[in-house]
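1. Sequence below, structure please.
(chains A and B)
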Amino acid sequence: MTVRRAPGGFGLFALAVLAGASLAFVAPAAPVQAAVRSFSITFLRKTYHFNKEVLPSLLETHPADLGVSGSEEATSELNTAGRFIGWHFTLNVVTVPEGGNLAATAQRLLAHGPRVIIADLEANDLLALADLPAARNALILDMRTIDDSLRQRQCRANVFHILPNQAMLTDALAQYLVWKRWSRWFIIQGPTAGDAVYAADIRRSATRYGARVVAEKTYRYNPGSRRSDTGYQQIQTQMPLATEASGDYDVIFVADETDLFGDYLPYNTYAARPVVGTQGLVASAWTPAYQEYAALQMQQRFDLFAHRGMTERDYGGWLAVRIIGNAVMRAGITSPLAMRKYLRSKDFLVAGYKGQGLTFRRWDNQLRQPVLLSTPLMTVSMSPQHGFLHPGYTTDTLGFDEPETKCHLGH
Amino acid sequence: MPSRTLTGRRAALLLPALVLCSLAAGARASELFVSNEIDDTVTVLNGETYQRIATIPTDQRPRGIFATPDHRYVLVCDGDSSNIDVIDAKTLKVVRRIGTGPDPETLAMSPSGDKVYVSNENNALVTVINFATGKWIKQIPVGIEPEGLAVSRHGRTVVVVSETTSMAHFIDTRTWKVAANILVDTRPRIAQFTRDQRYLWVSSEVGGTVSVIDPRTHRILHIINFHIPGVDREYIGPVGVRFTPDDRTAFVALGRANRVAVVDARTYEVEKYILVGQRPWQIAFSPGHKRLFVVNGLTNDLTIIDVSSEEAVKSVPVGRLPWGIAVIP
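-> Numbering: from 1, shown residues only, chains lettered A, B, ... in the order given. Coordinates of the predicted model:
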């Protein structure tokens, strides 16, 4: 286990200076600065096995600070605000090594430390953490997973989800495709369990929005062209075969969550059709290219801090800390249980560079949000698309709405 | 090139007969200067006929725009070029550039016009600049993504709002210290003093509200909410705020709700929503306060509202992604 602290010294120093200044110069009627209160956040992550060689593109990177840099940047932002109103935040980064005992580490943290935890964990570990008896009254902000199951039958009252789940992603793409009238879809699905869930979500989205799945295939062969000089030549013959269908289709909708083959599809398909899904046109909460709604400022700030582009996981980590900051500084709440209640209330709202306030769904603790549709270099669109309506929140047209949820935290 | 028309117009004014004509008609018309964020231009319109007089090229990403108190110049913040373009209001040419530090979003001036206040969006700073010399007087750390600035009538206080810290910071101009910080609703954009200086209104774009603040006690007195039938709450994003000369009525641009709200500034009741172009951002009055100009970011136009009837009467095209407006009487 390694522990790292976000830089926070400057914030305290600045607070002392500014608090002194404000006492000296403020009008008599102004409220006097209170003493500095501090709040500690735990960032819990685990190292997972990762084989860089399987990634088809040499340009795909896997920085070691993925996710955590978003939380660290947000912590320094909170301290900028905090120094004006007497709050100081620290982020304790705890890393469980590959194969390490997450439960033991979590037990120790929950026994001693603050019970507000940002979890950079995969689904199984997230559930292991959430189900610890000591975590019963904790607040866990899941800044990593997109699994439907965690928002359905496997939902937990102490877990709040930041990133859009799989069904939200396919709905976001589906709305755009229907708006484009590209409504005949060819699903090509990878071999993992996640791919199967994503493919099922594509079918669900087709039903919801009146599109048609006209063909489906599962792709199992792992081409591995990245390691072969002649890779593309094989791909050039394999992909047309994989995408040949008896009838016509408007788009290839690919379900390949682990990036095994999806990036081979564009320009290699049998018919001259665009590729959408987990590759091609991709739905996500954030990309390093997104700049609308003042996101440009966020991108520039993150680049100054981490010296690289801001990924979706960094955004998840950033937003998790900002959510806690709102509860503490705006509502004055520091207990994890009270925070959980606040996040589910009408008083809560967080800004995430999407042009509107983001709130949690009461039935499954999922953050409702507009979803980006992007290529690696450009934002193509943002869903919900114009014309898709909802009696409550337009963003509830994405993913599992209250009437269809299998999670009943709302009651 | 639209800017070519400038030469013709100015040349025409040199002709004595036409000068007489225009004087007889009641002096020169006012002019509207609109900054176009992605065109890198300022569009100049005749304030009566709304005809385009000139398109002035600026440096990159012009947003905040401000007329000097003597009406001789119009200042534009060029966010991606880290400077202010100084436009001569007579010749309609950029006559000077003033360095501001990184990413200036918007600006305001002291009542006498001797100082320029700039919000440096990326650096969480307000830069104070001597307008005559261009020298920096002070840089004041504030919250993250500072934007709208308001200067009190006698120049004692400068208020800046920070979008990501969600605060209004009160800067004392005698000491250049931040004297008070008020947490407001999420993503504040604009601060505006009532003309009698008794209240400060701060619009919060993502929070969807306007906070009415007592600038002496630094307390929030009231929070104004907006409810528009048929428009989802998340689309209501208040930005530009302006008061009628009697401080009785406020106009508030509501961003993606595509409307300007008319608010009774005493009871805080919303009296009316006026449909305008898409994503109205900044607003400004005509010199006689008979009309209100609304800059619509997504439809690239200006909506003109008749103030007495509270109706939108006309819309006029400007450049792409128009952001702010300054009026030279």
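2. switch to C-alpha atoms for all contacts and neighbour counts from now on
-> Noted.
3. Now do the SS call for residue A:168.
-> helix (DSSP: H, G, I helix; E, B strand; the rest coil).
4. Count the residues that sit near it.
-> 29 (other Cα atoms under 10 Å in any protein chain shown).
5. so it sits right up against residue A:399, yeah?
-> Yes. The criterion here is Cα atoms under 8 Å, and residue A:168 meets it with residue A:399 at 3.9 Å.
6. what comes into contact with the host helix or strand of residue B:213?
-> Taking DSSP states H and E as the criterion, residue B:213 maps to strand B:209-214. Contacts with strand B:209-214, where a contact means Cα atoms under 8 Å, 6 or more residues apart in numbering or on different chains, come from B:184-185, B:198-204, B:219-226, B:237-238.
7. quick one: strands adjacent to it?
-> Note on strand B:209-214: by DSSP bridges, its sheet partners are strand B:200-204 (antiparallel), strand B:219-225 (antiparallel).
8. any idea which element residue A:290 lies in?
-> Counting by DSSP H and E, residue A:290 is part of no helix or strand.
9. Need the three-state assignment for residue B:69.
-> coil.
10. Run a quick neighbour tally on it.
-> 15.
11. so it makes contact with residue B:113?
-> Yes. Using Cα under 8 Å, residue B:69 is in contact with residue B:113, at 5.8 Å.
12. thinking again about what came up before, just the buried ones from the contacts of strand B:209-214, in PyMOL syntax?
-> Of the contacts of strand B:209-214, the buried ones can be selected in PyMOL as follows, counting by 16 or more other Cα atoms under 10 Å in any protein chain shown:
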select buried, chain B and resi 184+185+199+200+201+202+203+204+219+220+223+224+225+226+237+238
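13. how about the residues of the stretch 151-300 of chain B near chain A?
-> Applying Cα under 8 Å from any Cα of the partner chain, we find that the stretch 151-300 of chain B lies next to chain A at B:165, B:172, B:177-181, B:183, B:186-187, B:205-207, B:216-218, B:232, B:234-235, B:237.
14. What's the local residue count around residue B:73?
-> Other residues close to residue B:73 by other Cα under 10 Å number 22.
15. isn't it right up against residue B:84?
-> No. Using Cα under 8 Å, residue B:73 is not in contact with residue B:84, being 11.6 Å away.
16. Distance from the strand holding residue B:213 to the middle of the chain?
-> On the basis of Cα atoms, centre = their mean, to the nearest Å, strand B:209-214 sits 18 Å off its chain's mean C-alpha point.
17. swap in stretch A:183-200?
-> Its chain's average C-alpha position is 20 Å from that of stretch A:183-200, according to Cα atoms, centre = their mean.
18. Residues contacting it, please?
-> A:147-148, A:166-167, A:170, A:177, A:202, A:210-220, A:243, A:248-257, A:260-261.
19. These in helices, which ones?
-> A:166-167, A:170, A:177, A:202 (DSSP state H).
20. Are any of those buried, and if so which?
-> Buried among the ones in helices among the contacts of stretch A:183-200 (16+ other Cα under 10 Å): A:166-167, A:170, A:177, A:202.
21. ok, so of those residues, who is nearest residue A:66?
-> residue A:166 (20.5 Å; Cα to Cα).
22. And that closest one, how close does it get to residue A:209?
-> For residue A:166, the distance to residue A:209 equals 16 Å [Cα to Cα, to the nearest Å].
23. Ok, residue A:44 next?
-> Relative to residue A:209, and taking Cα to Cα, residue A:44 is found at 38 Å.
24. do the same with residue A:232
-> Distance from residue A:232 to residue A:209, counting by Cα to Cα: 36 Å.
25. again, but for residue A:145
-> 25 Å.
26. Between the two, which is the more surrounded one?
-> More neighbours surround residue A:145 than the other of residue A:145 and residue A:209, with 21 against 16 (other Cα under 10 Å).
27. tell me the contacts of the more buried one?
-> A:121-123, A:161, A:163, A:165.
28. so what pLDDT did it get?
-> Confidence at residue A:145, expressed as pLDDT, is 98.
29. next structured bit after the helix-or-strand element of chain A with minimal mean pLDDT?
-> Ranked by mean pLDDT, DSSP states H and E, the weakest helix or strand in chain A is helix A:9-25, scoring a mean of 35. Under the assignment DSSP H and E, the closest C-terminal helix or strand after helix A:9-25 is strand A:37-46.
30. Does residue A:282 touch residue A:377 like I think?
-> No. Between residue A:282 and residue A:377 there is no contact under Cα under 8 Å: 11.4 Å.
31. Looking at these two, which one has more neighbours?
-> residue A:282 (23 against 10).
32. In three-state terms, label that one for me.
-> Quick answer, by three-state DSSP: residue A:282 is strand.
33. That one bridge partners, please.
-> residue A:277, residue A:374.
34. same thing with residue A:44?
-> Here residue A:44 sits in beta bridges with residue A:94, residue A:119, going by DSSP bridges.
35. so who does it touch?
-> Residue A:44 makes contact with A:93-96, A:117-121 under the criterion Cα under 8 Å, 6+ apart.
36. any idea how far it lies from chain B?
-> Distance, residue A:44 to chain B, by Cα to the nearest Cα, to the nearest Å: 25 Å.
37. Can you show me the strands along the stretch 151-300 of chain B?
-> Counting by DSSP state E, counting those that start in this stretch, the stretch 151-300 of chain B has strands at residues B:157-162, B:167-172, B:177-183, B:188-193, B:200-204, B:209-214, B:219-225, B:241-243, B:249-253, B:259-264, B:270-275, B:280-285, B:291-296.
38. Right, I'll call it a day here.
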